[in-house]
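Peer 1: structure, please.
(one chain, ligands or ions: 2)
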Amino acid sequence: MVLNKGFVEITPTASIDVNRHGGRAKCLQRLIRLEMPVPTTVALDFATVHDISQGTLPDIGMMLASFGDAPLLSVRPSSEDPDWGGPSAILNIGMNDATYERLIGTHGEVAATALYLRFIRSYAIHVARLDPDEFEIKAPMDPAAIKRAQAIYEEETDEPFPQDTATQLSNVLRSMARAWEGTTARLLREARGAPADAGLGLVVQAMAIGFGRNMSGSGVIQFVNGQTGERQLRGRYLCQSQGRDALGDPDARAIMYLARDDRGRSIEDELPQVFEDLKRYGDLCRNRLREEMQIEFTLENERLYILDAVRVQRTSRANLHIAVQLAQDAIISENEAVMRVPPRSLTELLHSQVDPDGPRDAFASGIAASPGAATGKVVFSSRAAQASAAQDEPCILVRRETTPEDIRGMHAAEAVLTERGGITSHAAVIARGLGLPCVVGASNMKLDAKKREIVAADGRVIREGDIITIDGSAGEALIGTARMLEPELGEAFQTLLAWADNARDIGVRANADTPADAAKARMFEAEGIGLARTEHMFFDHDRLLAMREMIFADTAEDRRTALERIEPMQRADFRELFKIMSGLPVTIRLFDPPLHEFLPQGREGMRELADALDIPVSDVTRRVEALSEFNPMLGMRGVRLGITVPEIYDMQARAIFEATIEATDEGGAPVVPEIMIPLVSAKREVELVKARVDAVAAAVRIERGVDFTYRLGVMVETPRAALRASEIAQHAAFLSFGTNDLTQMTYGLSRDDAGRFMGRYVQQQVYPEDPFHMLDVEGVGELLQMGAERGRSANPDVTLAICGEHGGNPESIAFCRKAGFDYVSCSPFRVPVARLAAAHLAI
Ligand code: PEP
Ligand code: MG
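Peer 2: Ligands and ions are numbered 1, 2, ... in the order given. Purely as a prediction, here's the structure:
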């Protein structure tokens, strides 16, 4: 029955909407429809509550009439999404001297006193906004305490404690409505995803009184473990209590177990019918509300009331288990289960995590570059990391920033911390590929490599060998060992992702350079490798040396000889990748970085190379200087190197084709390698490289007497390549957008150095987000779109892909899907997130 515009008694047929009355009101209506014993409840809609905050009250007398002779009322918030929070519930409205006397008769003096004291306290704190310390309940059973509390109230407010229920209720409604409009509350809910104009509804409910004679009390019950998602009866019940007291009261003596328990009395034993009803209501919630709910109940003189039910609070892993179980029990569809798991929540399951409930002592913070957490002793060099790993001692590699020479140290370490660098810095990219927790750009610590120590912002000193924990998800480094939660890749995980794969309509590949990466890509069921960065295959010590010899060669012939030493190793690498990927596409990117990155950096390294080449150190130094560039990332790298030192690409193409033949010979699925040219900016570059690669293919076919096919594609990672995509696509089987370099070049912003000021830029809203982290859809995105359209219009069969770090972000995937891309490629550990995010877009 509609009582008045703006509030309505919740009945099975009343018109109650989530977006008008809030989630709690709607849920209560569902419980009522399921015939649960919910006390009379009235819902106030958002507009009414807003009016109340502005001073216009609804007809309180009319509202009170709907509660008949119920002595006490409660008011609870009902926002659209319960996660947005709201003001605290206020219970026991209607407590006054007269009700007190009445309750002494019906419920006994102890109960009546407890109720009155509680009401004075919460009214004083939440409505009159008085100091909570003044209203500490020291003597809960002492009737004289009521008089004392009333006296303090009067002294502080110059008014007697209100005795009129309508006045009490009006003031409670007004204070709750105003609390919602306050700036702090607004900022808090906006941080949880609420829109700026989110409304608040309120529910006013007749109270079941959990204090009194016989068995009275209150509790919560749920049928699933909120940590793991397993089906399990959980909850607490507290005799002589109300609201959510059972969850907070440490007084174990008053606890009664829900189910039969050797340790003490239980509801199951003492009130078996109540216990059965609770279980039945749990089943009803699960089957009809299609969700695991926590039910809040009260026993008043052994009679059961259901006051509320809320979605069980849960960890990401429990959420996944619950969704899968509900679908397996045919309560929700597989697609709905997929939609109930936020893609990013999977990252928590793929890595160990610092237990959010454990203690944490951070000494440095930076960019959360690669998720997960690991503990180990501090080492400051790759050599020390390897030594530590050799002794099975977990270590954390701490560097100012990492270089290709650190790759072995990174392999040996459990996690990486750098003082400098951004989200696409060397350390960040490699760590994500390896699945290592990593924090970069921790500029509030000072690294003193000579003294082998870190000085934290607060002056604490961390020395080599000290134990620290890297929290790559939070972007913090912590002192000592932190409590961890283990990764979870069980059956439920696999099941959910299989359902996601059924739904999605954009491919997901992995960026993988090594057999270990490729194995991870398979484990996470990537549909191929979208980017194998071949330069990462030169970091092993012997290869690095051969590479350096090649760089030092004076003639093309000498270069070829040096490269001949590398070719079999490359061939073995590719064969291995093809074998692991067993017939799935593998995109191999030809050599990309500036050559000088392969040269030694310190004096010690120069001497080592001089020894190996049997030349004076001064020659090495001179050569290193000659090769050094002012702007190496805009210099002799990528296809520019391929054109000026073509022997490198020749060698790589040969290695790829020979590996293709061998992998197929070994009985593997037929391989169609994809060869990708990096850093292209002109059509002619593609033509030149294509001519040489075709020539190598022809030579290998003749030498081996075996035919094979391959696809040649282009990385679009310079703005010019995006602009000229139509002519470039005429020579390319695929275009793969390298958004790391494309972002760097579109902004004219160094991907390795931007971390130094990015925080300030984002803080001052110059950029909404770090564009290396979140694809800049307005700028870089426009180039992507333009490149895709121009490429497709010139070559309708061209495959479109993204392989920059953005490829694993749900937002970028949405963008690429809309632009008609065929697949995204990202670090192996982000593949599951990408698979799920892609499914969310298609459902
Ligand atoms: C890119 O630039 O987006 C890319 C994938 O290549 P890299 O990160 O190796 O430069
Ligand atoms: Mg690049």
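Peer 1: when you work out contacts or count neighbours from here on, use the C-alpha atoms and nothing else.
Peer 2: Noted.
Peer 1: gap between Ala14 and Val42?
Peer 2: Applying C-alpha to C-alpha, to the nearest Å, the value for Ala14 to Val42 is 10 Å.
Peer 1: who's more crowded, those two?
Peer 2: Val42 (24 against 12; other C-alpha atoms under 10 Å).
Peer 1: for Met774, which three-state class applies?
Peer 2: coil (DSSP: H, G, I helix; E, B strand; the rest coil).
Peer 1: from ligand 1, how far off is the residue lying closest to it once chain neighbours are set aside?
Peer 2: Among residues not flanking Met774 along the chain, His806 sits closest, at 6.4 Å (C-alpha to C-alpha, 6 or more residues apart in numbering). The spacing between His806 and ligand 1, counted by C-alpha to the nearest ligand atom, to the nearest Å, is 8 Å.
Peer 1: can you start the count at 2 instead of 1 from here on
Peer 2: Okay, residue one is now 2; in that scheme the one you just asked about reads as His807.
Peer 1: enumerate every residue touching His807.
Peer 2: His807 sits next to Thr740, Asn741, Phe773, His774, Met775, Leu776, Ser813, Cys827 when contact means C-alpha atoms under 8 Å, 6 or more residues apart in numbering.
Peer 1: what's the separation between it and Ser828?
Peer 2: To Ser828, His807 is 10 Å away according to C-alpha to C-alpha.
Peer 1: tell me how far Leu418 lies from ligand 1.
Peer 2: In terms of C-alpha to the nearest ligand atom, Leu418 sits 20 Å off from ligand 1.
Peer 1: list the contacts of the helix or strand hosting that residue.
Peer 2: Using DSSP states H and E, Leu418 sits in strand 416-419. Strand 416-419 is contacted by residues 374-376, 396-403, 411, 428, 432, 437-443, 471, 478 when judged by C-alpha under 8 Å, 6+ apart.
Peer 1: state the number of residues packed around Ser129.
Peer 2: No Ser there; residue 129 is Ala. Neighbour number of Ala129 under other C-alpha under 10 Å is 16.
Peer 1: name the nearest residue to it, sequence neighbours excluded.
Peer 2: Thr158 (7.7 Å).
Peer 1: what does Glu406 give?
Peer 2: Phe540 (6.8 Å).
Peer 1: which positions in the stretch 702-844 of the chain make contact with ligand 1?
Peer 2: Glu718, Gly739, Thr740, Asn741, Asp742, Cys804, Gly805 (C-alpha under 6 Å from any ligand atom).
Peer 1: let's see which of the residues you listed end up in helices.
Peer 2: Of the positions in these, Thr740, Asn741, Asp742 sit in helices, assigned by DSSP state H.
Peer 1: most neighbours of all the residues you listed, which one?
Peer 2: The residue in these with the most neighbours, by other C-alpha under 10 Å, is Thr740 (27 neighbours).
Peer 1: is it fair to say Ile703 lies in a helix?
Peer 2: Yes - with three-state DSSP as the criterion, Ile703 is located in a helix.
Peer 1: distance of it relative to Val697?
Peer 2: According to C-alpha to C-alpha, Ile703 and Val697 sit 10 Å apart.
Peer 1: over to Ala789?
Peer 2: Taking C-alpha to C-alpha, one finds Ala789 at 30 Å from Val697.
Peer 1: higher neighbour count, those two?
Peer 2: Using other C-alpha under 10 Å, the more surrounded residue of Ala789 and Val697 is Ala789, with 28 against 20.
Peer 1: can you map out the strands along the stretch 502-651 of the chain?
Peer 2: Counting by DSSP state E, counting those that start in this stretch, residue ranges of the strands within the stretch 502-651 of the chain are 508-512, 530-534, 587-590.
Peer 1: quick one: which of those strands is nearest ligand 1?
Peer 2: strand 530-534 (6.3 Å; C-alpha to the nearest ligand atom).
Peer 1: which elements pack onto that closest one?
Peer 2: Applying 3 or more C-alpha pairs under 8 Å, 6 or more residues apart in numbering; DSSP states H and E, we find strand 530-534 packed against strand 508-512, strand 587-590, strand 824-827.
Peer 1: got a pLDDT number for the residue of the chain most remote from its centre?
Peer 2: In the chain, counting by C-alpha atoms, centre = their mean, Gly106 sits farthest out from the average C-alpha position, at 55.3 Å. Model confidence at Gly106, expressed as pLDDT, equals 92.
Peer 1: that one in helix, strand or coil?
Peer 2: Classification of Gly106 using three-state DSSP returns helix.
Peer 1: can you list residues touching both of Ala15 and Val43?
Peer 2: Common neighbours of Ala15 and Val43 (C-alpha under 8 Å, 6+ apart) are Val9.
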